[in-house]
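Trainee: Based on what follows, work out the 3D shape:
(chains A and B)
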Amino acid sequence: MNRLSWFNTVSLTLGFAFLYIPMVILIVYSFNESKLVTVWAGFSTKWYGELLGNDAFLSAAWVTLKVAVLSSTFATVLGTMGAYVLVRGGRFMGRTLFSGMIYAPLVMPEVITGLSLLLLFIGIGIERGVMTIVLAHTTFSMCYVSVVVSSRLVTFDRSLEEAALDLGCSPAEAFRLVTLPIIAPAVISGWLLAFTLSLDDLVIASFTSGPSATTLPIKIFSAVRLGVSPEINALSTIMIGIVTVGVISASLISKQALVRQKRDEQAAARAQ
Amino acid sequence: MQSSKFAPWDDPDAKPLIRFRNVTKRFGEFTAIDNLTLDIYEREFFALLGPSGCGKTTMMRMLAGFENPTEGVIELAGQDIAPVPPNKRAVNMMFQSYALFPHLSVWDNIAFGLRRDRMSKQDIEKRVDEMLRLVRLEKFAKRKPHQISGGQRQRVALARSLAKAPKLLLLDEPLGALDKKLRQDTQFELMDIQEKTGTTFVIVTHDQEEAMTVASRVAVMDQGQLMQVSTPDRIYETPNSVYVADFIGDVNIIKGRATPDGEETYRIDWAEGQQPLIAKSSNGFASGQTCHLAIRPEKVTISSERPADAANALQGRVHDIAYLGNLSTYHVELPNGTIIKAQTSNTRRISRRTFTWEDTVWLSWTATAGVLLAD
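Mentor: Below you'll find the model as predicted:
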């Protein structure tokens, strides 16, 4: 290992401090005995216990999870289909227009997306609840999925699909047996992206949620307006924990796959 | 080569396996295949040869079913194949990139097509093992494509495309990715497998040596048209156009004016103040017609004295020598600046070479050594 110069050490420390001090403070105060957030009164896990007894938070967490799983799954199916048609469909009428339009929601302000969805739901008379949040989240996250999947499809060797057709697959079988397994990592990371987007969305969810369904970000936001309670700190710490475990395990899995492939390739090179 | 004479194309009763009848293929404004008619027979090893962009790959993709002709009909065993989708054709293809499925093992790659046919498990196992033996890859069945070498991948691709015992196997530049030595070995292996399985092979290549080595017949293509379709020896010895003569192997082309001089013999005036050349040809030429004499370097003899009985003899100076190990090619400059190539085999050590740079030499060839071609 190289020793870092003092300049690099300082930059590194400053950078990471800037990124992580707010989170560290939040985590530390979630273990605070006192009800007052800014006064330290000793270590305690009592807020975690209270959180478990808080039905409003638990039901909001349950709604959030349901919405995230459903919307990211729908978004993955639709986004993959969209990407497939745009990359593979050849030159059909309006292709350039469509591929431009699929990126538009990425840069659209969330307030506008939320408002237009709200108007739509009111217009066609759907009662707002879990279903409308799922629909809204599917709408905005499917473009992210489609961007991730289409960037994989662009580098996909077309002759693999032709080979599958040549060996007797119908086009649907070729997609299921050859294309999908090969692009699976991109599809999975599209799903994870859609899942996290749905998990922390506040703006669109607040437009499209109804009295029957409140997501966790909405709940936290409205609770904070009445004053920050240590319970919120505890809840946020749990969320940070979940995200950290997810990110670390995902990166470990992909790193392992990379290492394995490299080892295989070296073995193949030696065998020649 | 085939032990007994295999020449169904000379048999008027033979039924072709594949018939292209006035096939034209256009991509927008671009005409890839231009009103092409061709018969390919069963058990043939047929090579489509031409520079890139000549339409050879389009021909193959039309046979596989990835493209359909704009005009004309392609028949396979007497049936128009235009309405048949690729997955329903008794045709398999070996792709230039091999297109092995990276997520499947060698074994599963070969079994892929058989599984689509709803074959029983035992039959699939038997067939895959047979294929692995054929391409000598028994030991690598469990490996993934990225765990084997390029040459092994090429053999997996071949085994996979042969597994379904197609009526016709298409090979798209199959050896392009291999180095020269491996390519030569594999060419012989391909011929061997073709003979063993009795499958009709159509190979696309831009490598004329490869086409000459493996094929029973070669079609030389240019700009969507067939220039000549014949056996390798006839393509080489009696090309029908300057294009074919020039595309296949090395050749000297001498342009001149023909004058009939006896039966099937012509005198060619080719340069001011030079003695006319004599060439025999069964193609008829009018007096004064422009013609090209195509003569292969190995048919030109180089000597220090003028040969007494040569029909054609020219004097020149050695301009350059290309030493190829087994052969040497002498580039001889004639007094009017024309360069003629003469090739000799190096039966003696290089230090004992008779001629060197700037030597005055005589080039000679017989009246039948060259081919007289119209403009």
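Trainee: could you point out the longest helix in chain B?
Mentor: The longest helix of chain B (DSSP state H) is helix B:180-197.
Trainee: helix or strand right after that helix?
Mentor: Scanning forward in sequence from helix B:180-197 by DSSP states H and E, the next helix or strand is strand B:200-205.
Trainee: what separates that following strand from the chain centre, distance-wise?
Mentor: 10 Å (C-alpha atoms, centre = their mean, to the nearest Å).
Trainee: Remind me what it packs against, helices and strands.
Mentor: Using 3 or more C-beta pairs under 8 Å, 6 or more residues apart in numbering or on different chains; DSSP states H and E, the elements in contact with strand B:200-205 are strand B:45-49, helix B:56-64, strand B:168-172, helix B:208-214. Glycine gets a C-beta too; all of them are placed from N, C-alpha and C.
Trainee: ok, now with 10 Å
Mentor: Packing partners of strand B:200-205 (3 or more C-beta pairs under 10 Å, 6 or more residues apart in numbering or on different chains; DSSP states H and E): strand B:30-40, strand B:45-49, helix B:56-64, strand B:91-94, strand B:168-172, helix B:180-197, helix B:208-214, strand B:217-222.
Trainee: Apart from its neighbours in sequence, what residue is nearest the residue nearest the centre of chain B?
Mentor: For chain B, B:Ala211 is the residue whose C-alpha lies nearest the centre (C-alpha atoms, centre = their mean; 3.0 Å). Once flanking residues are discounted, B:Ala211 sits nearest to B:Ala47: 3.8 Å by C-beta to C-beta, 6 or more residues apart in numbering or on different chains.
Trainee: among the helices and strands packed on strand B:200-205, which is nearest A:Ile126?
Mentor: helix B:56-64 (49.4 Å; C-beta to C-beta).
Trainee: The residue nearest to B:Val84 when sequence neighbours are not counted: how many residues sit nearby?
Mentor: Leaving aside its sequence neighbours, B:Val84 sits nearest to B:Gly65 (C-beta to C-beta, 6+ apart; 6.6 Å). Residues near B:Gly65, counting by other C-beta atoms under 10 Å in any protein chain shown, number 21.
Trainee: what's stretch A:246-258 in contact with?
Mentor: Contact with stretch A:246-258 is made by A:Pro185, A:Ile188, A:Ser189, A:Leu192, A:Phe195, A:Thr196, as judged by C-beta atoms under 10 Å, 6 or more residues apart in numbering or on different chains.
Trainee: List the residues that contact the fourth one.
Mentor: Right, the one you point to is A:Leu192. With contact set as C-beta under 10 Å, 6+ apart, A:Leu192 has these partners: A:Ser72, A:Thr76, A:Val145, A:Val148, A:Gly246, A:Val247, A:Ala250.
Trainee: nearest to A:Val10, of these?
Mentor: Nearest to A:Val10 among the contacts of A:Leu192, with distances taken as C-beta to C-beta, is A:Val247, at 26.7 Å.
Trainee: Any idea which of the helices and strands packed on strand B:200-205 gets closest to A:Ala234?
Mentor: Checking the helices and strands packed on strand B:200-205 against A:Ala234 by C-beta to C-beta gives strand B:91-94 as the closest, at 62.2 Å.
Trainee: Which strands border the closest one, and is each parallel or antiparallel?
Mentor: Using DSSP bridges, strand B:91-94 pairs in its sheet with strand B:168-172 (parallel).
Trainee: and the angle for the partner strand with strand B:30-40?
Mentor: 140 degrees (axes from the mean of the first three to the mean of the last three C-alpha atoms, to 10 degrees).
Trainee: Please work out the average pLDDT along strand B:168-172.
Mentor: Across strand B:168-172, the average pLDDT comes to 94.
Trainee: Please identify the buried residues of that strand?
Mentor: B:Leu168, B:Leu169, B:Leu170, B:Leu171, B:Asp172 (16 or more other C-beta atoms under 10 Å in any protein chain shown).
Trainee: What part of chain B, helix or strand, is modelled with the least confidence?
Mentor: Ranking every helix and strand in chain B by mean pLDDT, DSSP states H and E puts helix B:180-197 at the bottom, with a mean of 87.
Trainee: elements contacting that helix?
Mentor: Contact partners of helix B:180-197 among helices and strands, from 3+ C-beta pairs under 10 Å, 6+ apart: strand B:45-49, helix B:121-134, helix B:150-162, strand B:168-172, strand B:200-205, helix B:208-214.
Trainee: highest average neighbour count across these?
Mentor: Sort those by mean neighbour count, taking mean count of other C-beta atoms under 10 Å in any protein chain shown, and strand B:45-49 sits at the top with a mean of 27.
Trainee: That one pairs with which strands, parallel or anti?
Mentor: If you go by DSSP bridges, strand B:45-49 pairs up with strand B:200-205 (parallel), strand B:217-222 (parallel).
Trainee: okay, the first one in CSV with CA atoms only?
Mentor: Going back to what we said before, that points to strand B:200-205. C-alpha atoms of strand B:200-205 as CSV (Å, rounded to 0.1, in the frame of the first residue of the first chain):
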residue,chain,number,x,y,z
THR,B,200,-24.3,-29.7,-48.4
PHE,B,201,-22.0,-26.8,-47.3
VAL,B,202,-22.2,-23.3,-48.6
ILE,B,203,-19.2,-21.2,-47.4
VAL,B,204,-18.8,-17.5,-47.7
THR,B,205,-15.3,-16.2,-47.7
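Trainee: for the stretch 1-150 of chain B, which spans come out with low pLDDT?
Mentor: Flagging of the stretch 1-150 of chain B using pLDDT under 70 yields the residue ranges B:1-4.
Trainee: Give me the nearest residue to A:Val69, chain neighbours excluded.
Mentor: A:Phe195 (7.2 Å).
Trainee: can you tell me which residues contact that neighbour?
Mentor: A:Leu65, A:Ala68, A:Val69, A:Ser71, A:Ser72, A:Thr73, A:Ala75, A:Thr76, A:His137, A:Ser141, A:Gly246.
Trainee: just the residues you listed now: which is nearest B:Thr356?
Mentor: Taking the contacts of A:Phe195 together and measuring to B:Thr356 by C-beta to C-beta, the closest member is A:Thr76, at 74.7 Å.
Trainee: what's the pLDDT at that closest one?
Mentor: Confidence at A:Thr76, expressed as pLDDT, is 95.
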